[in-house]
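Student: need a structure here:
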Amino acid sequence: MSDSTANTTEPLNALLRRIETRDFAVGIVGMGYVGLPLAMTFAANQFPVMGFDSDPKKVNALAAGRSYIKHISDAQLAEARAENCLSATTDFTRLGEPDAVLLCVPTPLNRNREPDMTYVEASARAVAKQLRPGQLVILESTTYPGTSDELIRPILEETGLTSGTDFYLAYSPEREDPGNKDFATGKIPKVVGGDGADALKLAQTLYDAIVPQTVPVRDLRTAEAVKLTENIFRSVNIALVNELKQVYGAMDIDVWEVIDAAKTKPFGFMPFYPGPGLGGHCIPIDPFYLTWKAREYDMSTRFIELAGDVNVSMPRQVINRLAEALNARQRRALNGARVLLVGLAYKKNVDDPRESPSFKLLELLTEKGAGVDYHDPYIPQIPAMREYPQFTGRPSVDLTAETVADYDAVLIATDHDDIDYATIAESAALVIDTRNAMAKHGYRTPRIVKA
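Tutor: Numbering: from 1, shown residues only. Predicted coordinates:
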């Protein structure tokens, strides 16, 4: 080995050795539903972790050992803090301290369904102000192919440091599935792409220390495309069953029974289920990132956009079904009716309301003159939501026989396991079930309408 080669490889080898000995500090920007579980996973593997967040409430909660995410317990936080493996701060001038900085920040859409890169760009600029030689910077936020090399790398290189020589840049898409007990963060394989072979090796070695498998790909853009492909696949298939639900409903065919029968085929079929619309931080948003980027190459994504249109239309379909059922069964209009919305979270058994279709249902019902309350055991009060500020602070109502009987209809939007479905079945005048929850729990009466 020549002296020049040794000079370039020795700093990398030193970092690799420090990962092996856990003398390698990890910084995570964004301590939300992705960042906090990732921080806990690194801490559980004896890496010192420093969390960065602009929200002092989160930082103060972590300092006090209080979890603000349902599937992470206070006891888990206490264990991480007792091992001196987890700390948090709002002081972004300390971003130069960790050896690796992982960006886990939101990537929402604006009102025109175009990528809003505000959080990613702001985080990259905060890192750039403190960037030092030898640091590894990894973006985990879901985004369009080209984000890392077209947006982040130029910002970091404005410092005069060069990617691949002075610092390392990688992309590894988050695959967090809140509430999934079988696949916590530390059990999910990680796709990794790097800006050059050294960045890939360093990022892969870091993730190898906390997950069962890493999947290296050719470059940053390939890794970014992997995440989009995963969520576009789900979006398109959910749109398909949402459309089938409407067609089969007109034929008096139960789409859930059809899917349950079809999935007995041991090959060539994968079950997806309909609902009141898409929710969460990925599936309703990610496909449009590719749609937006494709325009740069004069390409259209008609199939993806059609799926998006079908899924976006579902809340209105549900409200129409509710209005029809009220008219047919109670001889009353939706205007002036009292409706109890059951489930505010975007999926069952979690406390995450981001992009939940329940908010669109709340908005549509209110616009049509209905009086609406909600019940969700995991969301006692509606937090501030960027697109629905009018609902901030509204409390969850108790689910009792007296409460349920006081409404003209109960609309099930999220099928949490610990909802008292027996009380709904016994006391509700009308149930509009978008999740097949009542049938799953053995309740079938003429007052239950699937939507």
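Student: which neighbouring elements make contact with the longest helix along the chain?
Tutor: Determined from DSSP state H, the single longest helix within the chain is helix 220-250. Applying 3 or more CB pairs under 8 Å, 6 or more residues apart in numbering; DSSP states H and E, we find helix 220-250 packed against strand 168-171, strand 190-194, helix 255-262, helix 286-294, helix 302-330. (C-beta placed from N, C-alpha, C; glycine too.)
Student: chain center to it, what's the gap?
Tutor: Helix 220-250 sits 15 Å away from the centroid of its parent chain (CA atoms, centre = their mean, to the nearest Å).
Student: what angle separates that helix from helix 302-330?
Tutor: 30 degrees (axes from the mean of the first three to the mean of the last three CA atoms, to 10 degrees).
Student: got the angle for helix 220-250 vs strand 190-194?
Tutor: Using the same axes, to 10 degrees: helix 220-250 against strand 190-194 is 140 degrees.
Student: and the next element down the chain from the helix-or-strand element of the chain with minimal mean pLDDT?
Tutor: Using mean pLDDT, DSSP states H and E, helix 3-21 stands out as the lowest-scoring helix or strand of the chain, at a mean of 80. Using DSSP states H and E, the helix or strand that follows helix 3-21 towards the C-terminus is strand 26-29.
Student: show me what that next one is packed up against.
Tutor: Going by 3+ CB pairs under 8 Å, 6+ apart, strand 26-29 lies up against helix 35-44, strand 49-52, strand 100-103, helix 118-130.
Student: quick check: buried residues in stretch 127-140?
Tutor: Val127, Ala128, Gln130, Leu131, Gly134, Gln135, Leu136, Val137, Ile138, Leu139, Glu140 (16 or more other CB atoms under 10 Å).
Student: what about that stretch, distance to the chain center?
Tutor: On CA atoms, centre = their mean, the centre of stretch 127-140 falls 24 Å from that of its chain.
Student: one more: stretch 186-195?
Tutor: 17 Å.
Student: then stretch 66-82?
Tutor: 20 Å.
Student: which residues sit against that stretch?
Tutor: 32-33, 36-37, 39-40, 43-44, 49, 57-58, 61-62, 65, 86-87, 178-179, 350-351, 378 (CB atoms under 8 Å, 6 or more residues apart in numbering).
Student: please redo it, this time with the cut-off set to 6 Å
Tutor: Leu36, Ala43, Ala61, Gly65, Leu86, Gly179, Asp351, Tyr378 (CB atoms under 6 Å, 6 or more residues apart in numbering).
Student: columns pLDDT on top of the residues you listed, output as TSV?
Tutor: Shown next, in TSV, are the contacts of stretch 66-82 (pLDDT from 0 to 100):
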residue	pLDDT
Leu36	96
Ala43	95
Ala61	94
Gly65	91
Leu86	93
Gly179	75
Asp351	92
Tyr378	95
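Student: out of these, list just those in helices.
Tutor: Judged by DSSP H, helices contain the following of the contacts of stretch 66-82: Leu36, Ala43, Ala61.
Student: quick one, strands of the stretch 351-451 of the chain?
Tutor: 371-375, 409-412, 431-433, 448-450 (DSSP state E, counting those that start in this stretch).
Student: same for the third one, what does it pack against?
Tutor: Same thing as strand 431-433. Contacting strand 431-433 under the criterion 3 or more CB pairs under 6 Å, 6 or more residues apart in numbering; DSSP states H and E are the following elements: strand 409-412, strand 448-450.
Student: my read is that Tyr407 contacts Val342, right?
Tutor: No: using CB atoms under 6 Å, Tyr407 makes no contact with Val342, being 10.3 Å away.
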